[in-house]
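Trainee: Need coordinates for the following:
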Amino acid sequence: AAAAAAGTAPTPTSPPAQLGSIPMFNPGQMTTPLHTPPVLPGTTATAPTTPHHPVAAADVDPPRVHWFFEHPAGGWVPFSQRDSDTLESKHADTSTQASARVVTDGGRCEVDLFSRLRIALYWPQPHQYPVRRGLWFIKSDDEVIPFPEDHAEQIEYEFMLGMTEGQWHRRVELPDGNLILLRNDSLFILYEKGVGAAVLPEPRAVRRGFNEQVDRGEDPQQAIDHLVLVVAGAVPQLPLLSRLGYKAAGKRVGSLVDCVDSMRYFSREMVDAHFQVSDGSKSSGRVEYLPVVWSHAFDGQRDVKRDLQDVTLPSIRNMRVFLNDALMEVTAYCKDMQSIVSAVGDSVNFVIKKFMDKHPQFSGTVSLVGHGFGGCILFDILAHQEEAKAQAEASAAPDVSDAAAPASTAATSADVQDSGDEEDTVEESLKAEDDPSRTTLEELLSKIEMSEHLEVFQKEQLDLTALCDMDSTELKDNLKEMNIPLGHRKKISTAIEELKKAVEDARQNLKRRQDDARRQREQQRNERRLERRLQAALAAEKAAKELQQQQLSSPAKVVSVRYPVLATQATTLFLLGAPLGLLLQLQPASARTVDGDFTLAGCPSVYNVFHPYDPLAYQLERVVEPQLPANHTPMQIPHHQGRKRIHLELKGYLKEASKDLKKEVTQWAGTAWASLNKAFKDHVGRPLTSAQADAPAPSVDKLPEQSARELSIGKLNQGRRIDHVLQEDPVELISEHLYSLRSHESYWQSEDTVLFLLTKLYGVS
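Mentor: This next block holds a predicted model:
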């Protein structure tokens, strides 16, 4: 770059010894002009082309720069257009510090321009996310790879030489051994270094500047009205990243962050397509989705997984692995419930507090989304918030228990009061002792029998403090000027020096005694504190023994768990494919607490969303209201395009047609039966059957029906419907078993699911 700025060519470097089987460029063996194209395997040498017309450097359009970050699963992901423009502006700003951080991803991440790293703000990053400024790119069918920045500058320099000199077929030998051939101002080819001498990679197209369409991005300054925290159980299956506008290796990665990115992407699409947000609406900002990444070190998990693998049948392997993972989640939660709820609660509180620090003006709603077993954990935490708050308030009190609590509390207060009184007593006793600093000049002169000179000192307005502040030489000079005899001067100066020494000794002694008294008080406090802790430990041990005795005498008793207190109240809980209904239904009848009167404290709305083929999903309404009829079905979530899927429309049409046909047949049969009965009565004199045969058959359309929307399902969701089922895709009708595993991961890339969440957040039907 420096050479280009100076208008001189860079110093040629020695080429690599071998680039696959491509003949390498060697200036010392030139037999053709510099810009003669190389002779590649399978081709023949061609004559030099006619030079193009040179172009002034100022007339060459600069390449369109775009910024990328590397995904841990492989592949480079482009930043949104807004973030890329912001990064480029900060990069070009010479006044910006080299280590400045730029906010990206709507405020969820930052980019360190100095280290070229993308840093997440709300979740831990087990891997680094390198950042690259893209000028030149390798372009394939569905992948864009930016060259390293130093390589791109080298290619750009050769390109500018070709444009200004009008000479092409230029070879650019990169530091990694690859070769770029610039055939003309619009055709560039990459020849990669082969691993073996016999096989060479296919040449790849190279492009100058970024010409792809990317997401417009989010404005970090835009107000946020709804915060949605997403919690998952085990690592969920991930969406196709190609639907987000880019591709990574294998199209799948192992992080909840990418799943939430998918929901956020579709949420913006659904808001643009279905919501007209204005200042007069319920929400004028945006919805922020944040993943809650938590981890739990379950010691026995590996052993359980190995044991399950030993007994797992080899048939339908994918299904059995899926079920094994689900069983491991249940096993881990039952064995170490305390650790898991603490880990999830702490992670949720961390994200909430971090978000509040970044957005102190936020006054919107907070909702929770639980996928799979994560929904069961969230429901368990929310169901015990009142208990958790009571335990937290009790923990804030003095750490004592049982009958000793009042006495210990009183003793603690008395200790504090006694400690303060004792300190005041010590200070007063020290001040009451003989203090040389309280001696007056009259007392000193009287003590050494020099009282006749008191008037002289008073006339000069000198007190004992002023005399003590003088050094020995200054004191002797002042006494001499006061015409005090020499013998008296020596006696007075000696007495003052002795007094100064006595005052200093008294001060040191006072400080030493104060330190001793302070250490003694601290030791007494430590002894009392140790005694209280010992009493608390004995009380806790006693309580633990009693709890153990209760568990031994009643094995079915639930083990006590201290649930975390969430940093804020959640207004809505969304369950996505959660087996909560199964776990609640399997509880013993004596331990069941969820019924028609059950509510989540501080969380008035609960929605159970599931795919009809999801093997982990269970209904929740029958747990709340066991008296529901056998033909009770969940509410169907509308299609995001405002209609039912084609197979469901056909099914509904056939159902209505069969109902109409049944009605017509019933009416015809009733009329025919009445005519036959009348004819039989005219000939025989009596009816064919009893009088009930004359009654018309009941009409199908008059049967009592109750609209599904009019049902009242307990208090868990304020009487509203809880279970909501997605519409299956027509292709999934081929085999329910085949698509059952995919259904559990379908929520992340489901427009219907995201639109359902938005309708509940915005409060529209």
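
Trainee: C-alpha only now, for contacts and for neighbours.
Mentor: OK.

Trainee: May I ask you to confirm that Val341 is in contact with Phe379?
Mentor: No. Counting by C-alpha atoms under 8 Å, Val341 stays clear of Phe379, with 10.6 Å between them.

Trainee: overlap in contacts of those two?
Mentor: When contacts are counted by C-alpha atoms under 8 Å, 6 or more residues apart in numbering, Val341 and Phe379 are jointly contacted by no residue.

Trainee: where along the stretch 451-600 of the chain do the helices fall?
Mentor: 454-459, 464-468, 472-481, 486-553, 580-585 (DSSP state H, counting those that start in this stretch).

Trainee: could you dump those to JSON lines with distance to Thr568, mean pLDDT and mean neighbour count?
Mentor: Below are the helices of the stretch 451-600 of the chain laid out as JSON lines (distance: least, C-alpha to C-alpha, whole Å; pLDDT from 0 to 100; neighbours: other C-alpha atoms under 10 Å):
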{"stretch": "helix 454-459", "distance to Thr568": "74", "mean pLDDT": "78", "mean neighbour count": "13"}
{"stretch": "helix 464-468", "distance to Thr568": "64", "mean pLDDT": "78", "mean neighbour count": "16"}
{"stretch": "helix 472-481", "distance to Thr568": "72", "mean pLDDT": "79", "mean neighbour count": "14"}
{"stretch": "helix 486-553", "distance to Thr568": "31", "mean pLDDT": "78", "mean neighbour count": "14"}
{"stretch": "helix 580-585", "distance to Thr568": "23", "mean pLDDT": "91", "mean neighbour count": "17"}
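
Trainee: quick one, which of those is nearest to Tyr613?
Mentor: Closest to Tyr613 of these is helix 580-585 (C-alpha to C-alpha; 15.7 Å).

Trainee: pLDDT of stretch 391-400, averaged?
Mentor: For stretch 391-400, mean pLDDT rounds to 66.

Trainee: no, scratch that, I was asking about stretch 87-102
Mentor: Stretch 87-102 shows a mean pLDDT of 80.

Trainee: Buried residues, that stretch. List them.
Mentor: Neighbour-count burial for stretch 87-102 flags 87, 90-91, 101-102 (criterion: 16 or more other C-alpha atoms under 10 Å).

Trainee: I'd like to know how many residues surround the residue nearest to Gly364 when sequence neighbours are not counted.
Mentor: In space, and not counting its chain neighbours, Gly364 is closest to Asp225: 4.6 Å by C-alpha to C-alpha, 6 or more residues apart in numbering. Neighbourhood size, Asp225 [other C-alpha atoms under 10 Å]: 19.

Trainee: Give me the contacts around the one helix or strand Asp225 maps to.
Mentor: For Asp225, the host element (DSSP states H and E) is strand 224-232. The contact list for strand 224-232 (C-alpha under 8 Å, 6+ apart) reads 256, 260, 283-293, 348, 362-375, 378, 761.

Trainee: Buried ones among the residues you listed?
Mentor: 256, 260, 283-284, 286-293, 348, 365-375, 378, 761.

Trainee: Show me the residues you listed that map onto helices.
Mentor: Per DSSP state H, helices hold the following members of the buried ones among the contacts of strand 224-232: 256, 260, 348, 373-375, 378, 761.

Trainee: quick check, nearest of the residues you listed to Glu522?
Mentor: Val348 (40.3 Å).

Trainee: Tell me the residue in the chain that is farthest from the middle.
Mentor: Largest separation from the mean C-alpha position in the chain: Pro485, at 89.0 Å (C-alpha atoms, centre = their mean).

Trainee: who's in contact with that one?
Mentor: Per C-alpha under 8 Å, 6+ apart, neighbours of Pro485: none.

Trainee: Low-confidence regions, the stretch 301-450 of the chain specifically.
Mentor: Applying pLDDT under 70 to the stretch 301-450 of the chain flags the ranges 301-303, 396-437.

Trainee: Tell me which stretches of it form helices.
Mentor: 301-311, 317-335, 337-358, 373-383, 385-396, 404-432, 441-447.

Trainee: most packed of those?
Mentor: Of all those, helix 373-383 has the most neighbours on average by mean count of other C-alpha atoms under 10 Å, namely a mean of 22.

Trainee: beta partners of Leu190?
Mentor: When assigned by DSSP bridges, Leu190 has beta-bridge partners Ile180, Arg204.

Trainee: Arg204 is in contact with that one, correct?
Mentor: Yes. Assessed by C-alpha under 8 Å, Leu190 is found in contact with Arg204 at 5.1 Å.

Trainee: Between these two, which contacts overlap?
Mentor: Joint contacts of Leu190 and Arg204 (C-alpha under 8 Å, 6+ apart) are Ile138.

Trainee: For the two, work out which one has more neighbours and name it.
Mentor: Between Leu190 and Arg204, Leu190 has the larger neighbour count (other C-alpha under 10 Å), namely 19 against 15.

Trainee: State the distance from that one to Glu452.
Mentor: Noted for Leu190: a distance of 112 Å to Glu452, by C-alpha to C-alpha, to the nearest Å.

Trainee: next one: Arg519
Mentor: Arg519 is 48 Å from Glu452, by C-alpha to C-alpha.

Trainee: ok, which stretches of the stretch 651-765 of the chain are strands?
Mentor: For the stretch 651-765 of the chain, the strands defined by DSSP state E, counting those that start in this stretch occupy 723-725.
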